[in-house]
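K.L.:
Got a sequence here, can you build the structure:
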Amino acid sequence: MEKELQKAWIAGFIDGEGCLSISKQMRKNRPSDAWRPSVTVANTNKDSLNILKEEYGGTLYFNKEKRSNKKTGVKWSDSWT
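P.N.:
The predicted structure follows:
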């Protein structure tokens with residue numbers, strides 16, 4: 001995939017499937033707190049997430065879904081984060 005096209009795809013994928021967050025880390029014996037940014041993306045297609053991992057690093061976790069739709073009884077799909 002062309003680099004500019006890949007960057008656009010990644011931006012859209014994170015926008016649609018991801019979460020950007022900043023958490024405050026209070027540390028004992030330190031004069032100030034630390035701030036930790038994170039990007040989390042979840043999807044049922046592991047190959048899509050591997051593109052992000054290869055380009056930017058990170059770790060993939062498998063999420064075994066136990067829930068199901070209350071009305072239909074259909075099991076939710078397993079996913080990767």
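K.L.:
residue ranges with poor pLDDT in this protein?
P.N.:
Residues of the chain that meet the criterion pLDDT under 70 lie in 1.
K.L.:
What ranges does it have for its helices?
P.N.:
3-17, 46-56 (DSSP state H).
K.L.:
Report the buried residues of the first one.
P.N.:
Under the neighbour-count criterion of 16 or more other C-beta atoms under 10 Å, helix 3-17 has I10, F13, E17 buried. In this view, the C-beta of every residue, glycine as well, is placed from N, C-alpha and C.
K.L.:
could these be laid out in JSON lines, adding distance to I51?
P.N.:
Below are the buried residues of helix 3-17 laid out as JSON lines (distance: C-beta to C-beta, whole Å):
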{"residue": "I10", "distance to I51": "7"}
{"residue": "F13", "distance to I51": "8"}
{"residue": "E17", "distance to I51": "12"}
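K.L.:
Specify which member of those residues is nearest to P31.
P.N.:
I10 (37.1 Å; C-beta to C-beta).
K.L.:
hmm, back to that, with distance to D78 as extra columns, can I get the helices of the chain in TSV?
P.N.:
Converted to TSV, the helices of the chain look like this (distance: least, C-beta to C-beta, whole Å):
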stretch	distance to D78
helix 3-17	15
helix 46-56	10
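K.L.:
out of those helices, nearest to K71?
P.N.:
That would be helix 3-17 among the helices of the chain, by C-beta to C-beta, at 24.5 Å.
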